[in-house]
Structures are given as C-alpha cells and as structure tokens.
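>>> how would this look folded up:
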Amino acid sequence: MKRVLVPIVLAWAMFAGGCVFVAEHHGDDTQQKAMKTRMDRIAGLETGSAYDQVLDMLGTPDAASAYPIDGKECRVLEYRVGSSPDDDGKSYRMIPLVFEDGKLVGWGGRARHSCQ
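Residues are numbered from 1 along each chain as shown. Model (predicted):
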C-alpha cells in the first residue's frame, strides 16, 4: 500500500506546487495589463475635464486628498501605475491628477505643485 501511496502523494504535491506558481504569475500579468490600461487612459486625458468624468474613466484612486487654496478647492487623485524601480513590492509609482474647482488642471509631479 505504501508503494502505491507515496508516488501518488509526490505526484500530487508536484502538480499542486505548479498550480500555485502559475496562479501567481497570472496575477502579475493581469496587474501589469491593468496598469498599462490605466496609463493609456491617463495619457488620453485633457485639461479642463470634469472631476466626475475623470473618476468614471479611471475608477477609484489609490489615494486622494482635498484642501482649500486661496478660495479654490484643490483635489489630488493618485493612481498606481507601476512598481518602484527596486521592485520591493512595497513602493509604487503613482501619478497625481490635480483638480481645481472640479476641473483637471494637470497630472504628474509638476501639476501637484500648481495647486499649492
């Protein structure tokens, strides 16, 4: 009985281990495709677009903030677009989208400073 059971258990362990590896790899591909799609959508944005329109196009941001500046409402939505260069799994490249009074005024690092 042991002679039959041991090869079956070993074969199952090898098969199950392979499935886990494939599932993790598939998740990375899906995540990369989602970030590529997000980057393409951000590249197609136009200044002056309405806050709600951009939110509908890009979905829920990974981070958001809002504050008043000189009587105007400033909102910053941040979207993850990739891993950090060292790929530590904890840091992400984010692109801020900056809105003043509900209109998109720009995106990227320089745009963030325009609303301060």
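>>> what helix or strand is R112 located in?
helix 109-114 (DSSP states H and E).
>>> swap in T37?
With DSSP H and E as criterion, T37 is part of helix 2-43.
>>> after that helix comes which helix or strand?
Next along from helix 2-43, by DSSP H and E: helix 51-58.
>>> buried sites along that next one?
Y51, V54, L55, L58 (16 or more other C-beta atoms under 10 Å). Heads up, the C-betas are built off the backbone N, CA and C, glycines and all.
>>> could you dump these to CSV with distance to R93?
Shown next, in CSV, are the buried residues of helix 51-58 (distance: C-beta to C-beta, whole Å):
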residue, distance to R93
Y51, 23
V54, 19
L55, 20
L58, 15
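>>> check the gap between D40 and K33 for me.
11 Å (C-beta to C-beta, to the nearest Å).
>>> same check on P68?
From P68 to K33 the distance is 38 Å (C-beta to C-beta).
>>> for A63, same thing?
A63 is 22 Å from K33, by C-beta to C-beta.
>>> now swap in M94 and tell me
18 Å.
>>> export stretch 45-58 as CSV, just CAs?
C-alpha atoms of stretch 45-58 as CSV (Å, rounded to 0.1, in the frame of the first residue of the first chain):
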residue,chain,number,x,y,z
LEU,A,45,-6.8,63.0,-20.6
GLU,A,46,-7.3,66.6,-21.4
THR,A,47,-7.0,69.5,-19.1
GLY,A,48,-10.4,71.0,-18.3
SER,A,49,-12.0,67.6,-17.9
ALA,A,50,-14.6,67.4,-15.1
TYR,A,51,-13.7,65.6,-11.9
ASP,A,52,-16.6,63.1,-12.2
GLN,A,53,-15.7,62.4,-15.8
VAL,A,54,-12.1,61.5,-15.0
LEU,A,55,-13.2,59.5,-11.9
ASP,A,56,-15.6,57.5,-14.2
MET,A,57,-12.9,56.9,-16.7
LEU,A,58,-10.1,55.8,-14.2
